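Peer 1: sequence? don't have it. structure:
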């Protein structure tokens, strides 16, 4: 028997839910700005505000010369509204405003997931548990980018479509088209919202085809939502061009973008940690096959489509989690009909007050665990691993003649800090395919055809190189390895994250004379980055392999052996690791003979 009254239980339940969402919010707040794309979005917002117009060509890259393609026009003007919001917030409140906005959008994303789950007639506790799994996945999508608006809008559209399907709620006719119209000026993700409404329309169309005449009005409603939404989505600077923009990415461009890589390829290669909440959701979704006849056809269609999308690219996992959350809730609702589970549910109902008291205590515990970290938190960009603040300061303070070659991940921040005084070679927009291929040739020291990396250096009059020593995978850039041994390039700046090399020519004699540094300081940069990233990515062996390579170069053979041994524990079959382990043994034998 429940020891609490209905009103008391309701209050405790609401407090328990509030405590968990407060914990979610604090967790999102306690992460500094880490996304490299954020900075070119910020610079674009500033450009739009100051010029009172959208850019007609790329103002930031000195390598962009061709007439903008549809894809380039989308990159230049397709995000304009979110970019202006970012800039206005940053201009008023700095990094704090951006972090608050990011946290609010992600919490609202989770809140609408929670509301949609509740529509499947499961308990608040069940909804809270499933939402918590979505929270664990959402923490991997913290980036301060316009896609945050897509996450939020997507969860709202899901809620409204489910409400219309179950209750014929008329809010969907007005709110969905308006929300998608606004989003079409913020992020290409509005296409996925249109696709979602198309799937609901297709699901109801199949039901009607199978003879369910009672739902004809529902089909007409979904058709109206889809058509109105599609029409209003055209009200953006690029009109219908944006609807095809998602398909205009060339394979050569997206193959090096981690979010476009198939999810299980990333897991298999140990590039990113496995998302166990996602794996659990996949396994649990298989239970829908047991209750196939009881499941809504539209739910089966949605789970199939978004599961396939989540396999295709890791960027779609968070959308899958949103969809699977309420499908799993429907499965749980069916599981209640099982005799054993039905008895358990009835017993929990008798002790509902106690269950929610325990939930509330746990939620409050999580909040108080998170508060100390928030109290020490600095609302700023994360400069340890992502933002080359020191390198930007150096370039801002000291004039270097000629053009800059920069790492693409650094490009956005360098644009924000140095434009219009200095332009970058490339950034994460990868505006032109030819330039992107030239960038890959440079950082990988390709000899051609069609042209060698040295030809590209001459073509663009590149006199200084600004880079991080490590790729996102954990490998050392081949270009960086070359620069360490080259006498033609002088190290003039090194910190915990960034390296700046200047061409050894007469034009920059004063900079070279004043700031030349021992190249071993650059090796220390690799040690710092590889060590820190190896701890943050406990499955990735490549940071440890890079660490071992540097120790080997410095003659620290014992340290190299330790690094390779730790990498072996992570991936014993890694062929690159085997090669460098053999090199270590050769060095040891050579050293013994030398004695």
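Peer 2: Thanks, I have the structure now. Computed from a predicted model, the values in this text were never measured in an experiment.

Peer 1: next, name the residue at the spatial heart of the chain.
Peer 2: In the chain, the C-alpha closest to the average C-alpha coordinate belongs to residue 141, at a distance of 4.5 Å (C-alpha atoms, centre = their mean).

Peer 1: that residue reaches residue 316, doesn't it?
Peer 2: No. When contacts are counted by C-beta atoms under 8 Å, residue 141 is not listed as touching residue 316 (10.8 Å). The C-beta positions use only the backbone N, C-alpha and C, and glycine is treated the same way.

Peer 1: joint contacts of these two?
Peer 2: Overlap between the contact sets of residue 141 and residue 316, as judged by C-beta atoms under 8 Å, 6 or more residues apart in numbering, is nil.

Peer 1: three-state assignment of residue 172?
Peer 2: Here residue 172 is recorded as helix under DSSP: H, G, I helix; E, B strand; the rest coil.

Peer 1: how near is it to residue 225?
Peer 2: To residue 225, residue 172 is 6 Å away according to C-beta to C-beta, to the nearest Å.

Peer 1: now list whatever residues contact both of these two.
Peer 2: Common neighbours of residue 172 and residue 225 (C-beta under 8 Å, 6+ apart) are 161, 164.

Peer 1: quick one: the helices in the stretch 401-550 of the chain?
Peer 2: Under the criterion DSSP state H, counting those that start in this stretch, the stretch 401-550 of the chain carries helices at the ranges 408-418, 433-443, 453-459, 478-485, 509-515, 520-536, 542-553.

Peer 1: now render those as CSV, adding mean pLDDT and distance to residue 40.
Peer 2: As requested, those are exported to CSV (pLDDT from 0 to 100; distance: least, C-beta to C-beta, whole Å):
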stretch, mean pLDDT, distance to residue 40
helix 408-418, 96, 4
helix 433-443, 93, 15
helix 453-459, 95, 22
helix 478-485, 94, 22
helix 509-515, 93, 27
helix 520-536, 92, 22
helix 542-553, 94, 26
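
Peer 1: turn these into TSV, including distance to residue 127 and mean neighbour count.
Peer 2: As requested, the helices of the stretch 401-550 of the chain are arranged in TSV below (distance: least, C-beta to C-beta, whole Å; neighbours: other C-beta atoms under 10 Å):
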stretch	distance to residue 127	mean neighbour count
helix 408-418	38	23
helix 433-443	44	19
helix 453-459	55	15
helix 478-485	49	17
helix 509-515	59	14
helix 520-536	32	17
helix 542-553	39	24
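
Peer 1: now distance to residue 124 too, for the ones you listed, in CSV please.
Peer 2: Output for those, formatted as CSV (distance: least, C-beta to C-beta, whole Å):
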stretch, distance to residue 124
helix 408-418, 41
helix 433-443, 49
helix 453-459, 59
helix 478-485, 53
helix 509-515, 61
helix 520-536, 35
helix 542-553, 42
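
Peer 1: nearest to residue 123, out of those?
Peer 2: Closest approach to residue 123 among the helices of the stretch 401-550 of the chain is made by helix 520-536 (36.6 Å; C-beta to C-beta).

Peer 1: who are the packing partners of the closest one?
Peer 2: Contacts defined by 3 or more C-beta pairs under 8 Å, 6 or more residues apart in numbering; DSSP states H and E place helix 520-536 against helix 478-485, strand 489-494, helix 542-553.

Peer 1: now tabulate these in TSV and tack on distance to residue 74.
Peer 2: Putting these into TSV (distance: least, C-beta to C-beta, whole Å) gives the following:
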stretch	distance to residue 74
helix 478-485	30
strand 489-494	35
helix 542-553	33
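
Peer 1: for residue 76, find the nearest of these.
Peer 2: Using C-beta to C-beta as the criterion, the shortest distance between residue 76 and those is 28.7 Å, found for helix 478-485.

Peer 1: and the closest one with helix 520-536, angle?
Peer 2: Angle of helix 478-485 versus helix 520-536, following axes from the mean of the first three to the mean of the last three C-alpha atoms, to 10 degrees, is 140 degrees.

Peer 1: contact partners of helix 478-485?
Peer 2: Contacts to helix 478-485, defined as C-beta under 8 Å, 6+ apart, come from residues 442-445, 453, 465, 467, 469, 489, 491, 499, 501, 519, 522-523, 553.

Peer 1: ok, 10 Å please
Peer 2: Outside helix 478-485, the residues that touch it by C-beta atoms under 10 Å, 6 or more residues apart in numbering are 405, 407, 441-446, 453, 465, 467-471, 475-477, 486, 488-491, 499, 501, 519-520, 522-523, 525-526, 549-550, 553.

Peer 1: straight-line length of stretch 206-226, end to end?
Peer 2: The separation between the terminal residues of stretch 206-226, taken as C-alpha to C-alpha, to the nearest Å, is 16 Å.

Peer 1: give me the contacts around it.
Peer 2: Counting by C-beta under 10 Å, 6+ apart, stretch 206-226 makes contact with 157, 160-161, 164-165, 168-170, 172-177, 180, 194-205, 296-298, 301, all of which sit outside it.

Peer 1: again, 7 Å this time
Peer 2: Around stretch 206-226, the neighbours that count as contacts under C-beta atoms under 7 Å, 6 or more residues apart in numbering are 164-165, 172-173, 176, 197-198, 200-201, 204-205, 297.

Peer 1: in helices, which of those appear?
Peer 2: Within the contacts of stretch 206-226, residues falling in helices by DSSP state H are 164-165, 172-173, 176, 197-198, 200-201, 204-205, 297.

Peer 1: what about this protein, any weak spots by pLDDT?
Peer 2: For the chain, the stretches flagged by pLDDT under 70 are 1-6, 66, 211-214, 242-258, 336-351, 591-595.
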